[in-house]
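Novice: Next comes the sequence, and after it the predicted model I'd like to discuss.
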Number of protein chains: 4
Amino acid sequence: MSSVNAITGKDSLPTIANVKVGELATGQALTAPLFSFIGEDSAAPSVYIQANVHGAEVQGNAVIHQLMTLLKDYTVLGDIHCVPLANPLGINQKSGEFTLGRFDPITGVNWNREYYDHGIDIAQWFNEHQHLADKELFSAFRHHLLNSCQQRLLNPWGISTGHRLAVTLQHMAHDADIVLDLHTGPKSAKHLYCPEYDAESATFFSIPFSLIIPNEFGGAMDEAAFYPWWQLTEFASTQGRNFDVPVAAFTLELASQERIDMADAKTDALGILAYLSHRGVIKESVSPAKMKRWGCYLKDYKKFHAPKAGLVEYCAKPGEPLAAGETLVTLLRLEQYGSDEAMTSVSLPIDCVPVLHFASASVHQGTELYKVMTNVFSIS
Amino acid sequence: MSSVNAITGKDSLPTIANVKVGELATGQALTAPLFSFIGEDSAAPSVYIQANVHGAEVQGNAVIHQLMTLLKDYTVLGDIHCVPLANPLGINQKSGEFTLGRFDPITGVNWNREYYDHGIDIAQWFNEHQHLADKELFSAFRHHLLNSCQQRLLNPWGISTGHRLAVTLQHMAHDADIVLDLHTGPKSAKHLYCPEYDAESATFFSIPFSLIIPNEFGGAMDEAAFYPWWQLTEFASTQGRNFDVPVAAFTLELASQERIDMADAKTDALGILAYLSHRGVIKESVSPAKMKRWGCYLKDYKKFHAPKAGLVEYCAKPGEPLAAGETLVTLLRLEQYGSDEAMTSVSLPIDCVPVLHFASASVHQGTELYKVMTNVFSIS
Amino acid sequence: MSSVNAITGKDSLPTIANVKVGELATGQALTAPLFSFIGEDSAAPSVYIQANVHGAEVQGNAVIHQLMTLLKDYTVLGDIHCVPLANPLGINQKSGEFTLGRFDPITGVNWNREYYDHGIDIAQWFNEHQHLADKELFSAFRHHLLNSCQQRLLNPWGISTGHRLAVTLQHMAHDADIVLDLHTGPKSAKHLYCPEYDAESATFFSIPFSLIIPNEFGGAMDEAAFYPWWQLTEFASTQGRNFDVPVAAFTLELASQERIDMADAKTDALGILAYLSHRGVIKESVSPAKMKRWGCYLKDYKKFHAPKAGLVEYCAKPGEPLAAGETLVTLLRLEQYGSDEAMTSVSLPIDCVPVLHFASASVHQGTELYKVMTNVFSIS
Amino acid sequence: MSSVNAITGKDSLPTIANVKVGELATGQALTAPLFSFIGEDSAAPSVYIQANVHGAEVQGNAVIHQLMTLLKDYTVLGDIHCVPLANPLGINQKSGEFTLGRFDPITGVNWNREYYDHGIDIAQWFNEHQHLADKELFSAFRHHLLNSCQQRLLNPWGISTGHRLAVTLQHMAHDADIVLDLHTGPKSAKHLYCPEYDAESATFFSIPFSLIIPNEFGGAMDEAAFYPWWQLTEFASTQGRNFDVPVAAFTLELASQERIDMADAKTDALGILAYLSHRGVIKESVSPAKMKRWGCYLKDYKKFHAPKAGLVEYCAKPGEPLAAGETLVTLLRLEQYGSDEAMTSVSLPIDCVPVLHFASASVHQGTELYKVMTNVFSIS
């Protein structure tokens, strides 16, 4: 982290710094901007928000812009750190007219599966630290996580480009009590990844669909942020010591990639503000948007792969319920014109809510066409 | 061309053949399907329609599908040859979630700039053939063009992948009196490329915007098809012999890439049918759609390049007039948050109709953001 | 699998079939050729060899060509099935002047990490089948694996493009007793991946370096082939029943990608022949090449990532020992000309044998520069 | 251009500046380093050297490094400006394990075909300025070229990313009397592009093969630099005024892309030094390397495209004469094993010197396999 320059002259503007996340072949530093609001109350939870780890998923930057602008009119109690444009290599990687957004173009590794599994022996750590009071226990655990990231970055054999980016971001995230990772789907309705232990938080954001995910680590930022704390909480409870999971982390999927919509960004910034208000990060009360919200367990979130290749008319609109047997896509196979195979309607055997679909209108056999929620339930 | 199999059992179904346009590294043939309707009247004009030479521009295939289906109910007088999926290498070339559509991934050459310039010495050719009557003259000229393509394909030093594709398609096009090349823009309103000498034809298609292009050759299919005939016509007129340009060729840009819309495809198929009806290719009369149509000379069709890099909210909608000074795009520069540069509104100094814009919401400095028509006039 | 056509007229030529492994967006089938030699002795082990699952790793095809040609002069006892050009989508996927070889261009998933983990409950399976004699036990287990692949391919939600390819190949592999997967490194010395339980087999191939890998499954073909059998063998031994692991599987890394060398391919074909002779697949005796061979445990196989970005002169030659402190690469940072950082020599703190290095001469920070063997030992 | 910082403490070190050539989507400036030696004699010719405009062609950077280091021991009379890493966007654009080197990944345009055609009405310009003495005439013409570049960069409709880069570099080049553009081939012998009027200069560089190119403009840097001056010289001579073409410009192709070789870079730096010595840019005499040198006219420089697809063993070594009928490549078609088509030897009907070949070992039909010189002649 380098060159912290306070933006002066206005009360509620954040300071800005540049975080170095890597180096390009030409030697130029890869940097991401870090905006920091210093809260008035050190007891209030601190927040880390990042956007655009997947290169094409730009809308989160607009949301951060709108959130920072809204914050001018609120009293910030907890520290808030925002890192828009978090993956400069990914954002700048164009291929044809689009952004090669999801994976490192050299290795193929998904930018959001590179976070570090600390591999903590939680039993041993807890045994060594259980004499500490809760606040000190959490502080020691946080210190452990931060230190583990630093050691990882100093590995004498080096670490990969994507892992360096991820661990650098993760280090900042571990310093916060609330972590929000702003993504989008390809062509998508808004949806939230929310850990099981924290499902009620899904009612604050301006997001109609929530995926309730297991308390596990699969490589993504939200999991990297909450999972060690969930482990700690679980183990402590087996030892007869009970506290809430001290860290909350969510992935917000803010509609479609390759799209900037400033008005919609304000809607989502207000949703985030409602959650932060609920958590006491800002002083003022902000009510969550009144809207219907639905949930689905991750095990009921289904990928549907193209049963055959062809051109695709996406008939089912993301976010709108689709009854069993209704057309999901029309598949066109021009070379079979004159036969029944030239145009086929594809449907699913069960009711669902399609949440997102593939971005291109032509697909190889096996392309993931849709992700759909099944066994959807209302959350209030 | 191989394996011609008539699709039997219905009256008005086309025959189908496969056209070989190249070979993949693994040895598999690159083929495109060719559908042929044989007309009842050999004096009626013949037609060649192709789609999807740019890999991501798939909607033309849907239009061909709808056109062939509509033709079941009409009497076909002139031969009609349709080649959907004309560029199998381009269509199958995915990069990330999109199709790497516009250029050969190896050489970078635009697939629609590879057509062959025959380099005819038109004066010499005319002098040698001017004794022929019009019909024979045209036949001899067509033979010359076809033969020139064949010779090109047999070049002992080989020809490039893209050039082989283009010349193979061009050979089929030269055999027709009417050539339609179906494309799309990135995010685009429908528009037509129409040569100056044939501007009145723009009133038949279901397309609101027409670019009137000079009678020149720049490497594209439409130009490759009409330009030699325009040269012949022009030269003959200088020799005191007058006839209409015997070949008509147009590029139809059917809205946005990466999109299949079967209902909209029917609209455009009907527009093509109206033109074919006007030209006597089908027996029945089909009226063009009643709609406002506007024109613009190519010299007044302006590209606007991003004056600086950033995230882009495309505010101006393709096809809707934009007054001088109205916002074209909002450019977001998050790293400059706190300054006036963080969010800037970009406008143009003159009235225009934005026709298309770039597909991605983040741009390097210099990316072509919009193409806009200026000095737009009504065509009836 | 389709259209089996025996190549007739010569005694020892294989039959050929085409295996369908997917479909391209244009509708064309993705196929790989399958060459089959039918052995004279049904008791002899059967063999499955594939090449070019990573698109740029073409040399294995040349090795298969030479092997099939050599086999004309030998008596084939066990069935031998060869699938060169196994990944047509990967092989045909060019990006610039090279092949985008290692991962699906849409999803980023490594083509060689898509094989299926059957997730067998080995205890239950063994308990249900332990009454069978060895031969029947193995046959039942093989049947289980084959059936599991078939079920996977029929998943009603579809399966991904890469997984379909992998499971289709895996199904063929499970039918064999010996599985050889032919790969290459980027710029690489020849090396073999050899499971711990089968380390002695490393002395037959014409390959100087062997990585001794744990008996585990990480998604690659060799592991997919041997791991279930190793599980079975291990569990049976805990139940007091002992047999050798019935299936052998290896990955051969045949020097560098983007390279065809027919003479060198013959050398490697002879090495494979020596192993097949040892195993009784051919009747005649073929001696392994006399050469020094070295081994290294996978845990001692180290990746070295670029500590900083820059231009790279690869000083250490793959396959040649490098002492601690000797120059591995020279890193050039032109923009720092005039300082000590402009040209730096990078070395490792321990003795090693560099086995492969990155293909490009400019690297971002974190690029995997070299893989090196440490704690190398002689195998005879 | 920004932040000029003299590197102090040594006599003969250049000053360094950063040239801004564009902006990335994230807002970061695209910059290239500019190293400047200020000569002692303002009457001596000035020099502009750039490298790495094609992203994968890195060796020119190493040559600039070695040249700048060698210059410590020479007396610099004319100004020398060096821009290594000239195309940061291209250099940093990785696709898989290689650099997507030749064209803009968004537009497909070759980075070395983006230079500006000033479209000067040379007759008018000369008529307006012919009263000037030679030195003033050249100064006015240079001023015209520089101003034309500046106007181009200020185009109110913006200019494309690649054109901005090119014109920014071209502006620096127009300020010099000698322009060297350092490139490489794919897999290549060293060769020089040398304009016809300046053919004797080919004997100074350490380069065995020279292409004698017409005095024309096709979009490349060397042509952009010399062609306006050649036009001026030609037109003046038609008006009875004679002078030598005042500007010399060459493209040096320094062997293969994706390769850094510091020792070989020194060889080429010495060749450049020999030319600069000959031109009086340095005080001391440096003799050109004694070596055989051959020439070929561009019209005799032939591209050979793959007559069919397949795997390729490149049998002919760049730089070594190949007699008519000798094997150029072996083409492997595994799927045709058992037929004569499985392995074919391809040769040319005439003697030639292969200069470069394609980088990948698998090719689609039509891939440019080799460029070969025919009608080669000795130059002394």
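Specialist: Arrived safely. Fair warning: this is a prediction, and the values are worked out from it, not measured in the lab.
Novice: Please list the residues of the stretch 151-300 of chain A that sit near chain B.
Specialist: Contact residues, the stretch 151-300 of chain A versus chain B (C-beta under 8 Å from any C-beta of the partner chain): A:186, A:258-262. Placement of C-beta: from N, CA and C, glycine included.
Novice: same for the host helix or strand of A:Phe138, what does it pack against?
Specialist: Assessed by DSSP states H and E, A:Phe138 sits inside helix A:134-153. Secondary-structure packing of helix A:134-153 (3 or more C-beta pairs under 8 Å, 6 or more residues apart in numbering or on different chains; DSSP states H and E): helix A:122-129, helix A:161-174, helix A:221-238.
Novice: related to what we said a few turns ago, same list (the residues of the stretch 151-300 of chain A next to chain B) but as TSV, adding pLDDT, distance to D:Phe226 and secondary structure.
Specialist: TSV is the format used below for those (pLDDT from 0 to 100; distance: C-beta to C-beta, whole Å; DSSP: H, G, I helix; E, B strand; the rest coil):
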residue	pLDDT	distance to D:Phe226	secondary structure
A:Pro186	97	49	coil
A:Glu258	98	43	coil
A:Arg259	98	47	coil
A:Ile260	98	45	coil
A:Asp261	98	50	coil
A:Met262	98	50	helix
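Novice: what would the residues you listed look like in JSON lines with distance to chain D and neighbour count?
Specialist: JSON lines is the format used below for these (distance: C-beta to the nearest C-beta, whole Å; neighbours: other C-beta atoms under 10 Å in any protein chain shown):
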{"residue": "A:Pro186", "distance to chain D": "19", "neighbour count": "22"}
{"residue": "A:Glu258", "distance to chain D": "12", "neighbour count": "26"}
{"residue": "A:Arg259", "distance to chain D": "14", "neighbour count": "22"}
{"residue": "A:Ile260", "distance to chain D": "12", "neighbour count": "23"}
{"residue": "A:Asp261", "distance to chain D": "18", "neighbour count": "19"}
{"residue": "A:Met262", "distance to chain D": "18", "neighbour count": "16"}
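Novice: Sketch out the low-pLDDT regions of chain A for me.
Specialist: A:1-11 (pLDDT under 70).
Novice: Quick check, central residue of it?
Specialist: When C-alpha atoms, centre = their mean is applied to chain A, the residue found nearest the centroid is A:Thr251 (2.8 Å).
Novice: Describe which strands the helix or strand containing that residue pairs with in its sheet and in which direction.
Specialist: Under the criterion of DSSP H and E, A:Thr251 resides in strand A:248-256. Strand A:248-256 pairs in its sheet with strand A:178-185 (parallel), strand A:191-195 (antiparallel), by DSSP bridges.
Novice: That strand vs helix A:161-174, what angle?
Specialist: Strand A:248-256 and helix A:161-174 are oriented at 120 degrees to each other (axes from the mean of the first three to the mean of the last three C-alpha atoms, to 10 degrees).
Novice: Would you confirm that A:Lys187 contacts A:His357?
Specialist: Yes. Counting by C-beta atoms under 8 Å, A:His357 is a contact partner of A:Lys187 at 5.1 Å.
Novice: sorry, back to before: mind putting the strands paired with strand A:248-256 into JSON lines with mean neighbour count?
Specialist: Formatted as JSON lines, the strands paired with strand A:248-256 follow (neighbours: other C-beta atoms under 10 Å in any protein chain shown):
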{"stretch": "strand A:178-185", "mean neighbour count": "26"}
{"stretch": "strand A:191-195", "mean neighbour count": "26"}
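Novice: Out of those strands, which gets nearest to B:Ala316?
Specialist: strand A:178-185 (22.5 Å; C-beta to C-beta).
Novice: Find out how far that closest one is from the centre of the chain, if you would.
Specialist: Centre-to-centre, strand A:178-185 and its host chain are 3 Å apart (C-alpha atoms, centre = their mean, to the nearest Å).
Novice: again, but for stretch A:33-45
Specialist: Centroid separation between stretch A:33-45 and its chain, computed with C-alpha atoms, centre = their mean, is 20 Å.
Novice: With chain D in mind, check whether that stretch reaches it.
Specialist: No. Against chain D, stretch A:33-45 shows no contacts by C-beta under 8 Å from any C-beta, the least distance being 8.6 Å.
Novice: Next, the buried residues of that stretch.
Specialist: Neighbour-count burial for stretch A:33-45 flags A:33-37, A:39, A:44-45 (criterion: 16 or more other C-beta atoms under 10 Å in any protein chain shown).
Novice: again with stretch A:230-249
Specialist: Under the neighbour-count criterion of 16+ other C-beta under 10 Å, stretch A:230-249 has A:230-233, A:235-236, A:245-249 buried.
Novice: Domain ranges for chain A, per the record?
Specialist: A:15-291, A:299-375 (automatic domain parsing).
Novice: Can you point out the helix or strand that includes A:Val312?
Specialist: Assigned by DSSP H and E, A:Val312 falls within strand A:310-314.
Novice: Name the residues that touch that strand?
Specialist: Contact with strand A:310-314 is made by A:187, A:306, A:329-334, A:357-358, A:360-363, A:369, B:58, B:61-62, B:260-262, C:25, C:27, as judged by C-beta atoms under 8 Å, 6 or more residues apart in numbering or on different chains.
Novice: what's near enough to touch the residue nearest to the centre of chain A?
Specialist: With C-beta under 8 Å, 6+ apart, A:Thr251 has these contacts: A:181-183, A:192-193, A:220-222.
Novice: Okay, and the beta partners of it?
Specialist: Legend: beta-bridge partners of A:Thr251 under DSSP bridges are A:Asp181, A:Tyr193.
Novice: How about the closest residue to chain C within the stretch 201-350 of chain A, nearest residue that isn't a chain neighbour?
Specialist: Using C-beta to the nearest C-beta, the single residue of the stretch 201-350 of chain A nearest to chain C is A:His305, 2.9 Å away. With C-beta to C-beta, 6 or more residues apart in numbering or on different chains as the criterion, A:His305 has its nearest non-adjacent residue at 2.9 Å, and that residue is C:Gly158.
Novice: can you confirm the one you found is in a helix?
Specialist: No. Counting by DSSP: H, G, I helix; E, B strand; the rest coil, C:Gly158 is not part of a helix but coil.
Novice: Strand partners (parallel or antiparallel) of the strand holding A:Val312?
Specialist: Strand A:310-314 has the following sheet partners, assigned by DSSP bridges: strand A:327-332 (antiparallel), strand A:362-363 (antiparallel).
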